[in-house]
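Student: Build me a model from this:
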Amino acid sequence: VQLVESGGGLVQPGGSLRLSCAASGFTFSNYEMNWYRQVPGKERELVASISSGGGSTNYADSVKGRFSISRDSAKNTLYLQMNSLKPEDTAVYYCKAYHLVLRRAYWGQGTQVTVSS
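Tutor: Numbering: from 1, shown residues only. Here you go, the predicted structure:
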């Protein structure tokens, strides 16, 4: 099983980034997918979720209207489009796959996002 995040980097406030999470080794379409983020000294925070079929999404209040989660089952890839980025969005972003029935979770290794002028 592998979840490999990419697309992080340094961006100025107000800018945009698109994160990707390439999944392999499990049936992607059977898993709810999530993006989390974490800053040093703080707990990992749920940013956005998308249902296994892609028909339902949820967002943390802090990113609503700015971030958009999506998935491409043909490519086994999860995305997070991040717009109007703020310095407080700076964190390591992780993707997580979760099977609701089996209660099985897989995590990626994370990608750093830094928002700074």
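Student: pretty sure Arg37 contacts Glu43?
Tutor: No - with contact defined as Cβ atoms under 8 Å, Arg37 does not reach Glu43; the gap is 10.4 Å. For every residue, glycine as well, the C-beta is placed using N, CA and C.
Student: Neighbour count: the two, which is higher?
Tutor: Arg37 (22 against 7; other Cβ atoms under 10 Å).
Student: residues touching that one, list them.
Tutor: 44-45, 47, 89, 91-94, 113 (Cβ atoms under 8 Å, 6 or more residues apart in numbering).
Student: how about a cut-off of 7 Å?
Tutor: 45, 47, 91-93 (Cβ atoms under 7 Å, 6 or more residues apart in numbering).
Student: which residues of the chain fall in strands?
Tutor: 2-6, 9-11, 17-24, 32-38, 45-50, 57-59, 67-72, 77-82, 91-99, 104-107, 111-115 (DSSP state E).
Student: so what's the spatially most central residue of the chain scoring on pLDDT?
Tutor: When Cα atoms, centre = their mean is applied to the chain, the residue found nearest the centroid is Trp35 (2.7 Å). With respect to pLDDT, Trp35 scores 98.
Student: Please name the bridge partners of it.
Tutor: Note on Trp35: beta-bridge partners Ala48, Cys95, judged by DSSP bridges.
Student: ok, it - contacts?
Tutor: Trp35 neighbours (Cβ under 7 Å, 6+ apart): 47-48, 69, 80, 93, 95.
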